[in-house]
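Peer 1: dropping a prediction and its sequence here:
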Amino acid sequence: MPSATLLGQALISGVLAGGLYGLLAMGLSLSWGLLRLVNLSHFALAFLAAYLVYELGTSYHVAPWWSAAMIVPAMFGIGVAQHWLFDKFRVNELASLLITFSFAVILEVGIQLYWTADFRRYETEYSTKSIKAGAFFIPVLDLTLCIVAGLLAWGTWLWLRRTYVGKALRAAAEDPGIAAAYGVDHKRLAYLLSGIGAGYAGIAGTFIALIATLAPAEIWAYLGVVFAVVIIGRLGNPLGALLAGLLIGASESLAMAVLAPAWAPVVSFSVLIVILLWDPEWL
Amino acid sequence: MVEGKGAWRRRRVLAGMMGGAAALATPAIGRAAPSGKPVRVGGTLSLTGFLAQTAVIHKISAEIMVEEINGRNGFLGRPVEYVLLDDQSKPEVARSLYEKLITVDKVDLIQGPYATAPILAAMGVAQRYGKVMIQSSMGIPKLQTYDRAFPATPFGSEPNVTYPNVILDCLATFPTPPRTMAILTSKFPSAQFMALGMKEQAEKRGVKVPLYLEYESGNRDFGAMAARVKEGNADFLWVGSLGLESNLLLEALRKLDYRPKNHFHLYPAPGPLAVSPDGDKALCSTFLEPDEPFMSRPGMKRLAAEFKEKATKANLPYTTIDAQACGMAAEWQILEAAVNGAGSLDDAKIAAWLKKNKVTTVYGPTRFDGPYNHGDAAQLIKQVQNKEWKVVWPKEFAAPGVKLIAS
Amino acid sequence: MAELLAVSGLSAGYGRAVVLSDVAFRLGEGEALAVLGRNGVGKTTLIDSLIGVTRRFAGSLTLGGREITALSPEARAAAGIGWVPQERNIFGSLTVQENITAVARPGRWTLDRIYGLFPRLRQRRNQSGGSLSGGEQQMLAIGRALALNPRLLLLDEPTEGLAPIVIEELLRALRRLFVEDRMAGIVVEQHAHKVLPITDRAIVLDRGRIVLEASSGSLLADPAPLERHLGVTGG
C-alpha cells in the first residue's frame, strides 16, 4: 500500500495537472455549448500561443506574462475572425468539426514549417519552483495555472449567470429563433464568445509553453482527455469544465501512484463512462 | 499513442527529390561525375506526426550522404536520386507508400524508414518484392526476420542482454556501486524491450529493482511517477524514455525537491536533456559522438560539419550531430558499398555481398553475418558534462581527457 | 385613439405557400384585438408575420408610424413587439428569473411588477424553466414578453392545453393587462367566449382572409355572425 505522503503528493500534482485540462476545456465547452460549434482548432490555437510565448521568451527575452498580454488579445481577434467565417458559411455543429479540424491541420503545418517538428522546451526559472507545505511540495507554476483557471472559470460562470449578455447567450444557445424574437442579437454575442474562447486558448497556451513539451503533433495529445472533460463538465459550463478537469487530473495521478502509470490514459474515459451511466444529480 | 492521433491524421504526401542538383554543386575531384540515368532509391520517413522530431535529422543526413555519394562515383557511375515520401508516422501509410515506390514509381532500390513500427511495415513489402532494405532504428533485432533486411546500427543481436551489462559494468566502477535500481519506461516497444532486459540483468547481477513502472507514450503528467521515484529513493534511476519524457520526469522530480543520485536515459531528445539544468551528469545510450576516436572514422568530420550547417539552416534547435543522425548516414554508406561491391543493382546480389563482407561506416566496422543479419554490439554510454554529451564508457571510447563522473 | 399598428395588403406564408392574402387591419394604442378562426386558417401565420419569421409576398407593416416591414425579428422586438408563442418556448435550462431577465429591457414592467401579476412565478423564481407546469410556463412566457416592455403584446392561443382553473387565473391576468393597464395586444384564440370579454375588437380569419371585423362587445351581445364563420361560438 502506498504511503500517505505518496498519495497526498500524487493527489496534489494530479489536481494541479488537471487545471490545464480544465483551462483547455473551458473555451471548447463555451463554443460547443453556447454556439453549437465544436472547435477542434482550439488546441491548435493554444499551441500557436505556446509557440509564440516560447519564441518571444527565447529569442527576445520577453517575460511570459508580457507575451500573454500581447497574445491573448490577438487570439481574441483570431476567434472573432474565425466566427466571421462560420457565420458567413452558416456552419453547423457537424460541419464545424470538419472545418475547425482543417484549421487545426493548417496551423499544425504552419507551426512545423516555422518551428520544425523538433521538440521545443522553454526553460524558465519558475519551471521547477515549489512551495513546501509539510511533507508535500506544491509546484508554483501549476498552482498559478490552477488559480488563473479557477478565477477565469468562476468569472465566466458569473458572467453567464448574472449579466444580460451571459443570460442572452444561454437563451440563444437553447433556442436561437425564440431568443431573436425577444430581441437577443445572438450573432453579435457569438462573435464576443468566439473571441473569448480563443482568448482562453491563448491563456492555456501560455501555460503549455511553461509546463509542457512543444512539438507540432502534441496539438492532438490533449484532444481525447479534454473532450472527456468537456462532456463530464457539461457543455457551456466553465465551472463544470474546470472541476471535471481537476477530477480527471486527480484520478489519473492517483491511478499512476496506486496502480500503474500506464493506466492513466484509460482513466479519463472510464470516469466519463461512469458519470454518463450514473448521471448524478449534482451535475 | 494518444487517443485520436491516428484517426485524425490526414493523408499528405511530400515527395522530396534530392541529389540531382546537389550532385552538380559538389566538386568531383579527380573523378568523372556520375552520369546517365539516375539510380532511384525510394524510402519514407515520418516527416509529420509524432515521430517527426527525429525524421528531420534523418532527412538531413540522407541529403548530405546523397550529395557525397554523387560527388564520388554515384552507384555504378550513375547519379543517385532519393525519392522520399512522408509516412506520417503511421505504419499503414508506410506500407502503402513502399508498395507504391516499388510498383508504381519503380525505384531501383529502397532505403528503410525510421522507427520500429514503420520499419516492420516496410519490411513486409520489401520481402514480397525481394528488395534489400537497410534500416538504422529498429531497437528489437529479433523482429528483423527478413533475410535481406540489414541493420545499419550496431545493436547486436541481443541488445536487451548485452547493453544492460555494459551499463552494469559501468556502474560497477562507481566508488559505491548502486545496489538498488528504479526502472521507469515508456511502453513504446523498443524502450519496454530494453527496460525488461535491464531489470532481468540487474537482478541477475544482484542489483535489486524495487520499483519497475511502465507508462504510456504520450504521458503528460509525471508528478505521480516522480512521487513514487522519490519515495523509492533507489541508488540508480534507469529511464526508458523517448523525446522529452526524461526532461519532464526530471523536472517533476525537482518540483519534489529530489535529485536522483545517478540516472540513465535510453532514447531522449539529446539537445534538450544536455542543456537542461536537470540533465547534468545524466547518462545515456549512444553509438558515437562527434569527438575522437569517432571523428577519425570515414566521412565523419565532413558529415558533422555539414550536419551543423544544414540543421542550422533548417532552424533545428540542436545542431550537433548525434548517433541517431549517423544511423541514416551509415545506411547510405552500407548501400553504396554493397551496390558498388556487388557491381549490380540486383537485390539478390547486393544481399549476398553484404552477408559476406564487412562495411566500415561511421559506426565502425560492421558485419552482417550473425543472427538476424546483425553483427557485434557496440553500445556505449555518454554523459552530460558541462551541457555537452561525452562518451564515458567503455573507457577506450571516452573522448580524450573525459572521465565518467559518479555522484 | 392614436394608431399603433397598421397592417395593409399583407400576403405572407412559408416557402412558396401563401397562407395570408391581402390582410389589412389597424390597432390603436391601448387597444386589444382578438383574432378568431378555426384551425389552419392562418391565425398563427398572422402572428408570425408580425414578429417577422414568415416570408412576405406583399403588403407593409407600421408600428407607431414607423415602417417595420423589412426589420429582422430582433429589431422588431427592439421596436416594441412582445410575443408569447403558442408552444411557450421557455428556455428550459435557465431559471424562471433568468428567463425574464435575459431579455428584459428597461420600462414600467419590472421584475417586481411581473411577479406582482404572476405571484406563482416569484415562488418558482430559482427553478429551471423546464421544471414548470404548463400553466406556469404560460405565465412565464407572458412575463418574459412583458419584460421586453413592448408596445404591443402578441399572444398565440394562450389557453391551449391548460386546465380550466389555470385558464381562469390566466384570463384574470390578461384582463388586468388589457382592461386595467390598457396594454395594446393581439390575442389569437379558437374559443371566442374566452377572449371576447377581455378585448376591444375582434377579427375572424378564414382561409387566410379577414372575413369579419367587429367590436368584441357587439359579438358578445350577438354571436350570430360568429356562428356563421366559426360554426360554433366556442367550447
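Peer 2: Perfect, thanks for sending it. Numbering: from 1, shown residues only, chains lettered A, B, ... in the order given.

Peer 1: three-state assignment of the residue nearest to residue A:235 when sequence neighbours are not counted?
Peer 2: In space, and not counting its chain neighbours, residue A:235 is closest to residue A:33: 3.3 Å by CB to CB, 6 or more residues apart in numbering or on different chains. C-beta coordinates here come from the backbone N, C-alpha and C atoms, glycine included. Following DSSP: H, G, I helix; E, B strand; the rest coil, we place residue A:33 in the helix state.

Peer 1: my read is that residue A:33 contacts residue A:233, right?
Peer 2: No. Counting by CB atoms under 8 Å, residue A:33 does not reach residue A:233; the two are 9.5 Å apart.

Peer 1: give me the more crowded residue out of those two.
Peer 2: Neighbours were counted for residue A:33 and for residue A:233 using other CB atoms under 10 Å in any protein chain shown; residue A:233 has more, 30 against 24.

Peer 1: any idea how far residue A:42 is from residue B:265?
Peer 2: Distance of residue A:42 to residue B:265, given as CB to CB, to the nearest Å: 33 Å.

Peer 1: got it, and residue A:155?
Peer 2: 42 Å.

Peer 1: same drill for the two, tell me which one is more crowded.
Peer 2: residue B:265 (26 against 12).

Peer 1: which residues does that one bridge with?
Peer 2: residue B:239, residue B:284 (DSSP bridges).

Peer 1: let me know the pLDDT of it.
Peer 2: If you check residue B:265, the pLDDT there is 97.

Peer 1: then residue B:299?
Peer 2: For residue B:299, the predicted pLDDT is 84.

Peer 1: what residues does chain C put near chain A?
Peer 2: Within reach of chain A by CB under 8 Å from any CB of the partner chain, chain C has these residues: C:51-53, C:72-74, C:76-78, C:83, C:85, C:89, C:91-94, C:98-99, C:101-105, C:144-145, C:148.

Peer 1: any quick PyMOL command for the buried ones out of those residues?
Peer 2: Buried residues among the residues of chain C next to chain A (16 or more other CB atoms under 10 Å in any protein chain shown), as a PyMOL selection:
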select buried, chain C and resi 51+52+53+73+74+76+77+83+85+89+91+93+94+98+99+101+102+103+104+105+144+145+148
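
Peer 1: with adjacent residues omitted, what lies nearest to residue B:127?
Peer 2: residue B:146 (4.6 Å).

Peer 1: can you pull the contacts of that neighbour?
Peer 2: B:123, B:126-127, B:133 (CB atoms under 8 Å, 6 or more residues apart in numbering or on different chains).

Peer 1: between those residues, which sits nearest residue A:134?
Peer 2: Distances from residue A:134 to these, taken as CB to CB, are shortest for residue B:123 (55.1 Å).

Peer 1: my read: that closest one touches residue B:144, true?
Peer 2: Yes. Counting by CB under 8 Å, residue B:123 does reach residue B:144; the two are 7.1 Å apart.

Peer 1: which residues in chain C form strands?
Peer 2: C:3-14, C:17-28, C:32-36, C:55-63, C:66-67, C:81-84, C:152-156, C:184-189, C:201-206, C:209-215 (DSSP state E).

Peer 1: care to break chain C down by domain?
Peer 2: C:3-80+C:151-230, C:89-149 (automatic domain parsing).

Peer 1: low-confidence stretches in the stretch 51-200 of chain A?
Peer 2: Within the stretch 51-200 of chain A, no range satisfies pLDDT under 70.

Peer 1: could you pull out the strands in it for me?
Peer 2: A:130-133, A:136-139 (DSSP state E, counting those that start in this stretch).

Peer 1: any idea which of the ones you listed gets closest to residue A:148?
Peer 2: Once these are compared by CB to CB, strand A:136-139 is nearest, at 14.1 Å.

Peer 1: look up the closest residue to the closest residue to chain B within chain C, ignoring the ones flanking it.
Peer 2: Relative to chain B, the nearest point of chain C is residue C:93 (29.0 Å; CB to the nearest CB). Nearest residue to residue C:93, sequence neighbours excluded (CB to CB, 6+ apart): residue A:174, at 5.5 Å.

Peer 1: so what's the residue count around the one you found?
Peer 2: 19.

Peer 1: cool, and residue A:140?
Peer 2: Neighbours around residue A:140, by other CB under 10 Å: 15.

Peer 1: what of residue C:26?
Peer 2: Neighbours around residue C:26, by other CB under 10 Å: 15.

Peer 1: quick one: it from residue C:209, how far?
Peer 2: Residue C:26 is 17 Å from residue C:209, by CB to CB.

Peer 1: just the element for the closest residue to residue A:234 other than its chain neighbours, please.
Peer 2: Nearest residue to residue A:234 in three dimensions, chain neighbours excluded: residue A:240, at 4.5 Å (CB to CB, 6+ apart). Residue A:240 is part of helix A:238-258 when elements are defined by DSSP states H and E.

Peer 1: is any part of the helix or strand that that helix is followed by close to chain B?
Peer 2: For helix A:238-258, the following helix or strand on the C-terminal side (DSSP H and E) is helix A:264-278. Yes. On the criterion CB under 8 Å from any CB, helix A:264-278 is in touch with chain B at A:264-265, A:269.

Peer 1: any idea how far residue A:200 is from residue A:220?
Peer 2: The value you get for residue A:200 to residue A:220, if CB to CB is used, is 19 Å.

Peer 1: neighbour-wise, which of the two wins?
Peer 2: Taking residue A:200 and residue A:220 together and counting by other CB under 10 Å, residue A:200 has the greater number of neighbours (31 against 27).

Peer 1: so who does residue 80 touch?
Peer 2: Using chain A. So residue A:80 contacts A:191, A:194-195, A:198 (CB under 8 Å, 6+ apart).

Peer 1: sorry, should have said chain C
Peer 2: C:63-64, C:148-152.

Peer 1: what residues does the stretch 51-200 of chain A put near chain C?
Peer 2: A:161, A:164, A:167-168, A:170-171, A:174-175, A:177-185.

Peer 1: sorry, back to before: most neighbours of all the contacts of residue C:80, which one?
Peer 2: That'd be residue C:150 among the contacts of residue C:80, by other CB under 10 Å, with 25 neighbours.

Peer 1: separation between the residue lying closest to residue A:232 once chain neighbours are set aside and chain B?
Peer 2: Leaving aside its chain neighbours, residue A:232 sits nearest to residue A:244 (3.9 Å; criterion: CB to CB, 6+ apart). Noted for residue A:244: a distance of 16 Å to chain B, by CB to the nearest CB, to the nearest Å.

Peer 1: skipping adjacent residues, who's closest to residue B:221 in space?
Peer 2: Residue B:221 sits nearest to residue A:17 (CB to CB, 6+ apart), 4.2 Å away.

Peer 1: go on, residue B:367?
Peer 2: residue B:375 (3.8 Å).

Peer 1: residue B:258: what's it in contact with?
Peer 2: So residue B:258 contacts B:226, B:229-230, B:233 (CB under 8 Å, 6+ apart).
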